[in-house]
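Undergrad: Next come a sequence and a model predicted from it.
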Amino acid sequence: MSVSVRDALRMAARYLVLSILWLVLAGQVLDHLFDDPQALALGNSVSVLLWLLVSTALIYISRVRLLGPIGSGTRLRREDRQRLRMAEAVFDSTLEGVLVTDRDGLIVHVNRAFMRITGYREDEVLGQRPSKFKSGHHGPAFYQDIYATLAATGEWSGEIWNRRKRGEIYPQWQTIRAIRDEQGQVSHYVAVFSDISAIKHSEQELAYLAHHDPLTGLPNRLLFNDRAEQTLSVAQTHKQGCALLLMDLDHFQSINDGLGHTLGDQLLKRVGERLSALLGTGVTLARLGGDEFGVLLERCQQVGQAADLARTILEHMKAPFDCDGHRLSISVSIGIGLFPNDARSAEQLLRNADAALYKAKGNGRAGYALYTEELTAHAQQRVETASELRRALEQAELRVYFQPVHDLASGTRVGVEALVRWQHPERGLVPPGEFVPIAERTGLIAEIDLWVLRQACQQMVRWQAEGQALQFVAVNISSRLFSQRGLYLDVAQVLAETGMSPALLEVEVTESAVMDDPEISLEQLHRLRELGLRLAIDDFGTGYSSLLRLKRLPVQKLKIDQGFVAGLPEDDDDIAIVRVIIALARSMNMQVHAEGIEQAQQAEFLLEQGCELGQGYWFGRPVPAADLDGQ
Ligand code: C2E
Ligand code: MG
Ligand code: MG
């Protein structure tokens, strides 16, 4: 029975009791007052009239008190109906799903958006419970928390994963509210929700993009650093070790420049794929930027374990990569840092692995190096040296030394090689091996090389004027300067400024610089050659020259690297290599020049084999120009 019917019955009962009481009491009072039947009848009529008046007044008062002024009821009902219609229209046109249950949790109403989002028709859900949509994504505690919050505050909102009719699980943002009746009892629950799977998806996509490299799909530096920090803190708690390997592709820049960025990108992708396949899922592999990759090896107790992994990686990089029909070969250099041996923090571990990588590159690439304490000192010195070098150039601390080159057959001096030195105010005379690689990294080498070239030309002009019988002065050009397209213009300018005859100048370029980027090298060498100077390939035998390419180069001389001369005349391997280089040079009509001759037997052996020129301590060390005659 509804509340209003009960109230009406209660009121009618009260009215009946009051009427009976009034009639009985009025009858008794009138009987007592009047004996005359006429007067009694009149009294009764007055009493009934009075009751009518009183009861009318009572009804009016209670009506006003309960329902407000007369006439407003009908207006109210009309407004209510209108409001209900509006609510229904809103319900149906809103994009949010709406679901209403009664106090027992049975669904009594759903809107159109509900059907669109869930895929259920109205008749499939009415009378059912919302648990029908459970996804299994949340445990019982989650739902208990919802009921508890609803009971305490009357409202809950949050993210909830439900299942569509098709079975798909999706996230909703839901607000549930308890509706109470006049007595304060919960009569209904209204849930309003929106499908937030699109937002979730873009959130996930954003998070993915922020933490992954789009080219290889591997974690990026940000995620790698994050993982490194986590791994280190886990390792610290469990008193375990871990290792960080930094990898850098050797001479990747020349692939990028020579074959284009599209192929360069493809190669990076292939390298990433091969590394992922090799390392599996237990290891974090990341592309840290450019051609640098990082590997985080958790639970690495011994150095040997990390070194084994480095060797395996080097081995797996050997097979060529198939990129758009091109078969590209590339080696990598690896630096290894260990925790807790070398580092206390993830940042330090990365820095150490970087120092080790630098060492691996310095050791001739295609290998790995472990971090050691002294590397930090080296790294420190590198930074200092880099900033000091500029000062050295500005304050004229650099010197040019000259080393004689002899004709092996006649024993006479025929030329000199200009070699740079740094007269450091505190460290004394610093050899180029300690600052040329740093100058190459910072780019300062281009200025240094041109400075040496100018000094050498000026000196040669002076010697010529003094009547010195020197056929050439050789100058070293670093790969960094060699890759600059305008190099020949700079050289031409120095020649013009110093008045040096181009025929007296020999430019030495290392084998690796020439072979790194064969197409650009070819153009560069031709331009230099057109100036009228001679070209030599320095440290020959240490790079991986393609004979076919070598033949096309406009080069007049091969300089046998001193590493092969050192073993002469006993070491069979060195003998074989030196013989091959000499034969090769002759077949291509090039001069052969051996470096690092320290003993007479070496010079003799080389002469026997057909080598024409020789340079080394046996003939004379590099010295300042003024001291050359004393030798
Ligand atoms: P390089 O051009 O192959 O020069 C020969 C190096 O071998 C010189 O070392 C020279 O002192 C050394 N040497 C000569 N004879 C002997 C010998 O009998 N025994 C031994 N053990 N060594 C000998 P240096 O002057 O220390 O130069 C090292 C390298 O530094 C050079 O190798 C060259 O690659 C580079 N370099 C020197 N000066 C310059 C420069 O002005 N510019 C550039 N870019 N690089 C330079
Ligand atoms: Mg040289
Ligand atoms: Mg050399």
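TA: Here it is on my side, so go on. Ligands and ions are numbered 1, 2, ... in the order given.
Undergrad: Just want the residue of the stretch 51-200 of the chain that's nearest ligand 2.
TA: The stretch 51-200 of the chain approaches ligand 2 most closely through K200 (62.7 Å), counting by CB to the ion. C-beta coordinates here come from the backbone N, C-alpha and C atoms, glycine included.
Undergrad: List the residues that contact the closest residue to that residue other than its chain neighbours.
TA: Nearest in space to K200, with sequence neighbours left out and distances taken as CB to CB, 6 or more residues apart in numbering, is P171 at 5.2 Å. Going by CB atoms under 8 Å, 6 or more residues apart in numbering, P171 touches E159, I160, W161, D195, I196, S197, K200.
Undergrad: if we can go back for a sec, give me the residues contacting the helix or strand containing the residue of the stretch 51-200 of the chain closest to ligand 2.
TA: For K200, the element it lies in under DSSP states H and E is helix 197-211. Where contact means CB under 8 Å, 6+ apart, the residues beyond helix 197-211 that reach it are Y170, P171, P219, N220, L222, L223, D226.
Undergrad: As JSON lines, the contacts of P171 with neighbour count would be great.
TA: As requested, those are exported to JSON lines (neighbours: other CB atoms under 10 Å):
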{"residue": "E159", "neighbour count": "12"}
{"residue": "I160", "neighbour count": "22"}
{"residue": "W161", "neighbour count": "17"}
{"residue": "D195", "neighbour count": "20"}
{"residue": "I196", "neighbour count": "16"}
{"residue": "S197", "neighbour count": "16"}
{"residue": "K200", "neighbour count": "15"}
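Undergrad: Output the next helix or strand after the helix holding K200 as PDB, restricted to C-alpha atoms.
TA: Per DSSP H and E, the first helix or strand lying C-terminal to helix 197-211 is helix 221-237. In PDB, the C-alpha atoms belonging to helix 221-237 read as follows (Å, rounded to 0.1, in the frame of the first residue of the first chain):
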ATOM      1  CA  ARG A 221      66.800   6.200 -22.900                       C
ATOM      2  CA  LEU A 222      64.100   7.400 -20.500                       C
ATOM      3  CA  LEU A 223      62.700   3.900 -19.900                       C
ATOM      4  CA  PHE A 224      66.100   2.400 -19.900                       C
ATOM      5  CA  ASN A 225      67.300   4.800 -17.100                       C
ATOM      6  CA  ASP A 226      64.100   4.000 -15.200                       C
ATOM      7  CA  ARG A 227      64.700   0.200 -15.500                       C
ATOM      8  CA  ALA A 228      68.300   0.700 -14.600                       C
ATOM      9  CA  GLU A 229      67.300   2.500 -11.400                       C
ATOM     10  CA  GLN A 230      64.800  -0.100 -10.500                       C
ATOM     11  CA  THR A 231      67.200  -3.000 -11.200                       C
ATOM     12  CA  LEU A 232      69.800  -1.400  -9.100                       C
ATOM     13  CA  SER A 233      67.600  -0.900  -6.100                       C
ATOM     14  CA  VAL A 234      66.400  -4.500  -6.300                       C
ATOM     15  CA  ALA A 235      70.000  -5.700  -6.700                       C
ATOM     16  CA  GLN A 236      71.000  -3.600  -3.700                       C
ATOM     17  CA  THR A 237      68.300  -5.200  -1.500                       C
END
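Undergrad: could you redo the contacts of P171 as TSV and give each row pLDDT?
TA: Below are the contacts of P171 laid out as TSV (pLDDT from 0 to 100):
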residue	pLDDT
E159	91
I160	92
W161	92
D195	88
I196	86
S197	84
K200	80
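Undergrad: Which one of these is nearest to ligand 1?
TA: Closest approach to ligand 1 among the contacts of P171 (CB to the nearest ligand atom): K200, at 57.0 Å.
Undergrad: For the stretch 201-350 of the chain, which segments count as strands?
TA: With DSSP state E, counting those that start in this stretch, the ranges of strands along the stretch 201-350 of the chain come out as 242-249, 284-289, 292-297, 321-323, 326-328, 332-339.
Undergrad: Ligand 3 is nearest to which of the ones you listed?
TA: Of all the strands of the stretch 201-350 of the chain, it is strand 332-339 that lies closest to ligand 3, at 21.9 Å by CB to the ion.
Undergrad: For that closest one, the averaged confidence score.
TA: Taken as a whole, strand 332-339 has a mean pLDDT of 92.
Undergrad: Does anything pack onto it? Which helices or strands?
TA: Applying 3 or more CB pairs under 8 Å, 6 or more residues apart in numbering; DSSP states H and E, we find strand 332-339 packed against strand 242-249, helix 303-316, helix 346-362, strand 368-370.
Undergrad: winner for burial among those?
TA: strand 242-249 (a mean of 25; mean count of other CB atoms under 10 Å).
Undergrad: tell me the angle of it relative to helix 346-362?
TA: 40 degrees (axes from the mean of the first three to the mean of the last three CA atoms, to 10 degrees).
Undergrad: Pairing partners for strand 242-249, with directions?
TA: strand 292-297 (antiparallel), strand 332-339 (antiparallel) (DSSP bridges).
Undergrad: Quick check: residues of this structure near ligand 3?
TA: D538, D539, E595 (CB under 5 Å from the ion).
Undergrad: Buried subset of the residues you listed as a ChimeraX selection?
TA: Buried residues among these (16 or more other CB atoms under 10 Å), as a ChimeraX selection:
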select :538,539,595
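Undergrad: from the residues of the chain next to ligand 3, which are also near ligand 2?
TA: Filtering these for proximity to ligand 2 by CB under 5 Å from the ion leaves D538.
Undergrad: okay, the residues of the chain next to ligand 3 in TSV with secondary structure next?
TA: Formatted as TSV, these follow (DSSP: H, G, I helix; E, B strand; the rest coil):
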residue	secondary structure
D538	strand
D539	strand
E595	coil
